[in-house]
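[1] Fold the stuff below for me.
(one chain, ligands or ions: 1)
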Amino acid sequence: MTDYHLTIGSQPVTTNRYFDVKNPSNGELVGRAPQAGKAELDLAVAAAAEAFISWSAKSDAELQAACEKVTAVISGASEELAHMITLEQGKPLNGLGSRWEMGGAAAWAGYTAGLSLKTEVLQDTDEGRVELCRKPLGVVGSITPWNFPVMIAIWHILPALRTGNTVVIKPSPNTPLSTLKLIELIDRVLPAGVINVLTSDDDGENLGAMMAAHPDIRKIVFTGSCATGQKVMRSASETMKRLTLEMGGNDAGIVLPDVDPAAIAEGLFWGAFINNGQTCAALKRLYVHEDVHDAVCEALVAYARNIPVGDGMNDDSALGPIQNQMQFDKFAGFVAAAKVKGNVLLGGEPGIGLFFPPTIISGLSNDDDLVSQEQFGPALPVIKYADLEDAIVLANDSDNGLGGSVWSSDVVKAREVASRLECGSVWINKHGAIQPNAPFAGAKSSGLGVEFGQEGLHEFTDIQVVFS
Ligand code: NAD
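    Now for the predicted structure:
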C-alpha cells in the first residue's frame, strides 16, 4: 500500500492527513491520497501563476514540442496507469476498459498537441489591418469525475497547456491515485509549476468549491454532475472565470420499425453499457417502435446475457462493479422502483458487493425515475412507442441534451429524425462514439462550452483584436 503525494511547483508535497482509496471490486485498500486544503491550493495556484509568465511566452512550436513530450509520457506509462485505473475505478483492464481508456488518452493528447492557434486576418486594406489573436488565460483549474479519470484529465490538460496556460488539477476523491501518478510523470517533462495536482476527499472544506472561487484561477474546466456544475458556475461568477462545463446526460435512442434487431443488438448494448453505464454520453433510455419492440428486446437480452462481469483484473471481465457505494445505492434504488411497474427482461437483482448485473427493463415510461433520471449504472429501460412524433417528443423531454441516437436501415430518414433531437452529438446506428477532431458539447443542462478540436482549443483563450 502506497501513500501518494501531491505535485506542486515540481515538488512532491505531503500533507498531515490522507484518505483511503479502495478497490470497488473487492473493497481492498489500493493506496492513500493526500488531503489538501486551502494552504496547498494557494501554493499550487501561486506556482502555476509564476510558471505562466514564461510558459505563455513560449512560441507555438515550443508549446507543440512540449505537448508532444507529454503525449510520449502518457503512451510510455499506459500499462502502469491502466492497472491503477482498474484498481481504483473498477473497470476491466481489457475490452473497453482501462487499456482502452489509456489508448484514448494518448490519442487525444497527440491530436491536441498537433493543433495550433492561427491569427485570423479580418481586414487588410488601405484603411488598416485588423487581426484576431487568441491569448492564453492564465491558471486553469481542472476538476474531473471518477468514470474516466485519466482520459478526462487529458481532455482538460492538453488544450490548456497547448494554448499556453498552466494547470492545477483536482481529480475525484473516488479515483485520485491515477491522476496523482499521471501528473507526477507529466511534470518531469515540463518546467516547474506548469502542472500541479491536488487531492481531497470532499469532506469538510470542499477543494473544488475553493478552486471555483479562487481569485487567481482564470478558468475552470469541469466534468461531472449537473448539480455540481451549477455550483461551480455560481462560485465562478464572482471572479468572471471562463468556464467549460461538461455535465450529465440522459441520452435517448430511437429505434425505427425498419431495423434488423439482431444486427443492432451489439451496438445498442455497448452504447448503453460501456463502462458499466457510468458514461456521460451512454445510451440511457431506448424508445423502440412497437413493430420491433419485442424482437429488439430479445436480441438485446440474448447479447447481454453472455457478457462476463467480474473483477477488472481478471482477463476475461468485460464489465466491472459500480464504482462507489453512493452511486450503487442511487442506481439500485432506481432499479428497485422500476421493477414495481416494469418487466425485468434481464438482471434486476444486486450482486455481491458493488456488482450489479446488466439489467434490461421494459414497460416503463418517462414518469419513471429509471427513465427520467441519469441512472449512471448498468441498466437500460426500453420504452415502446407507436408514433414516431411521440417518440421524438419523449426523447426531447429532458433537461439534459448531451447525446442521442437513431437506429434505422434508412440513413436518410434516420438523419431527418436525428436533426430533431435536442442534443450536442447525435449518432446513426451507433451511440457514444467520440473522437478528438470532433467538437463535443452538451445542449441544455448538459453543459456549457465545447471540448475537442479547434473549437475546444479556443475555449482556453481570450480573443485580442489588433488594429494597425
Ligand atoms: P460530481 O459532480 O460528483 O464530481 C465531479 C467533480 O467535482 C469531483 O472532482 C468532485 O470532487 C468535484 N466537486 C464536488 N463538489 C464540488 C463543488 N462544490 N465545487 C466544485 N467541484 C466539486 O460527479 P461524479 O459523480 O464524479 O461524475 C459523474 C457525473 O459526471 C455524471 O453526471 C456524468 O454524466 C458526468 N460526466 C460528464 C461527462 C461529460 O463530458 N459531459 C463526462 C464524464 C462524466
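[2] I figured residue 186 hits residue 157, correct?
    Yes: with contact taken as C-beta atoms under 8 Å, residue 186 and residue 157 are classed as touching, separated by 7.5 Å. C-beta coordinates here come from the backbone N, C-alpha and C atoms, glycine included.
[3] Which one of these two is surrounded by more residues?
    Between residue 186 and residue 157, counted using other C-beta atoms under 10 Å, residue 157 has the larger neighbour count: 30 against 27.
[4] Tell me how far that one lies from residue 109.
    From residue 157 over to residue 109 the distance is 8 Å, taken as C-beta to C-beta, to the nearest Å.
[5] what do the two both touch?
    Residues touching both residue 157 and residue 109 (C-beta atoms under 8 Å, 6 or more residues apart in numbering): residue 70.
[6] domains in this protein, as residue ranges please.
    Structural domains assigned to the chain are 2-247+446-467, 251-428, following automatic domain parsing.
[7] just so I know, which of these lies nearest the ligand?
    Closest to the ligand of these is domain 2-247+446-467 (C-beta to the nearest ligand atom; 2.2 Å).
[8] just for this protein, where's the confidence low?
    Under the criterion pLDDT under 70, the flagged ranges of the chain are 1.
[9] For it, list the residues in contact with the ligand, please.
    When proximity is defined by C-beta under 6 Å from any ligand atom, the chain lies next to the ligand at 143-147, 152, 170-173, 202, 206, 208-209, 212, 223-225, 228, 231-232, 246-249, 280, 374, 376, 402, 442, 447.
[10] Would you mind checking those residues for buried ones?
    Burial by neighbour count, judged by 16 or more other C-beta atoms under 10 Å, picks out 143-147, 152, 170-173, 208-209, 212, 223-224, 228, 231-232, 246-249, 280, 374, 376, 402, 442, 447 from the residues of the chain next to the ligand.
[11] Keep only those of those that are in helices.
    152, 208-209, 212, 228, 231-232 (DSSP state H).
[12] From residue 143, how far off is the spatially most central residue of the chain?
    The central residue of the chain, meaning the one whose C-alpha is nearest the mean C-alpha position (C-alpha atoms, centre = their mean), is residue 152 at 5.2 Å. When distance is defined by C-beta to C-beta, residue 152 is 10 Å away from residue 143.
[13] Show which residue of the chain lies farthest from the average position.
    Relative to the centre of the chain, and counting by C-alpha atoms, centre = their mean, the farthest-placed residue is residue 126 at 48.6 Å.
[14] List the backbone torsions phi and psi for it.
    phi -60, psi -20 (degrees, to the nearest 10).
[15] Quick one: the strands in the stretch 201-350 of the chain, in order.
    Applying DSSP state E, counting those that start in this stretch to the stretch 201-350 of the chain gives strands spanning 219-223, 242-246, 251-255, 283-289, 343-346.
[16] can I get these in a markdown table with distance to residue 457?
    As requested, these are exported to a markdown table (distance: least, C-beta to C-beta, whole Å):
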| stretch | distance to residue 457 |
| --- | --- |
| strand 219-223 | 12 |
| strand 242-246 | 11 |
| strand 251-255 | 26 |
| strand 283-289 | 29 |
| strand 343-346 | 43 |
